[in-house]
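Asker: What follows is a predicted protein model with its sequence.
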Amino acid sequence: MAKMPKISNVKEMYDIDADKMTYTGCLYWRIDRFGNRYLSKKDLIGALNLTVIMNIPFFTIVYFGTKSYRKIQELISQGENDYSKKLQMQLYKALVAQTLIPMVFLFIPVGFLFYCPLIGIDISCSSLLITFFYSFYPAVDPLPNLLFIDEYRNAFFNFFRRAINGNQVTSVVSYDLNMA
C-alpha cells in the first residue's frame with residue numbers, strides 16, 4: 001500500500017473556511033476508531049457516480065465527433081468544386097481540435113484530480129495547474145474555428161490589423177468628364 005499524504009487543514013494552507021466554499025471530493029481512505037485505514041464504500045460509490053456523470057459528455061463528444069467525421073468524409077468525396085472540398089477539410093480539422101480540447105482541458109485533468117488519491121498518489125502540488133486547465137477551457141474552446149476556418153481567421157486577423165494600423169488617409173482625385 002502506498003504511503004498516504006498528510007492531510008492538511010484548508011484553513012491552514014489557504015486561509016479559507018471550508019464551510020464557506022463549494023467542493024467535490026472523496027476521502028477514499030478513512031481511519032476507524034482503532035486506527036486502521038480502510039476504503040470508504042460511500043466515497044467510492046460517490047466517485048463512481050461522478051465518473052458516470054463525467055462520462056456522459058465524454059462519450060457524447062466521441063460519438064458525435066465520430067459521426068461528424070464520417071459525414072465530412074462523405075462530403076469531401078462528393079465535393080463538387082475545390083472551394084467546397086477545402087471548406088469541408090477546414091471544418092474537419094476544426095472538429096478534430098474541438099474534440100481533443102475538452103479531453104485535454106477537462107476530462108484528463110479532472111480524472112487525475114479525482115482518482116490519484118484513490119491509488120495513493122499525492123497530486124496536491126499539481127492541483128493548481130489542473131484547476132487552471134479546466135478554468136481555461138472556455139477561452140480555448142472557440143480557437144479551432146478561428147484558426148482552422150479561413151473566412152473566420154481572415155476576418156479575425158483583419159480586425160486586429162485595422163486596429164493596430166489605425167485609420168489610414170488616402171488622397172482621392174476626382175475628374176469630371178463633362179467639363180472641358
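Answerer: It's in. Numbering: from 1, shown residues only.

Asker: so how far is the helix ranked longest in the chain off the chain centroid?
Answerer: As assigned by DSSP state H, the longest helix anywhere in the chain is helix 41-78. Computed by C-alpha atoms, centre = their mean, to the nearest Å, the chain-centroid distance of helix 41-78 equals 14 Å.

Asker: swap in stretch 90-103?
Answerer: On C-alpha atoms, centre = their mean, the centre of stretch 90-103 falls 11 Å from that of its chain.

Asker: cool, and stretch 70-89?
Answerer: For stretch 70-89, the distance to the chain centre is 27 Å (C-alpha atoms, centre = their mean).

Asker: end-to-end on it?
Answerer: 12 Å (C-alpha to C-alpha, to the nearest Å).

Asker: Report the buried residues of that stretch.
Answerer: Applying a neighbour-count criterion of 16 or more other C-beta atoms under 10 Å, one finds Ile72, Leu75, Ile76, Leu87, Gln88 buried in stretch 70-89. For every residue, glycine as well, the C-beta is placed using N, CA and C.

Asker: Could you do stretch 93-107 as well?
Answerer: Ala94, Leu95, Val96, Ala97, Gln98, Thr99, Ile101, Pro102, Phe105, Leu106, Phe107.
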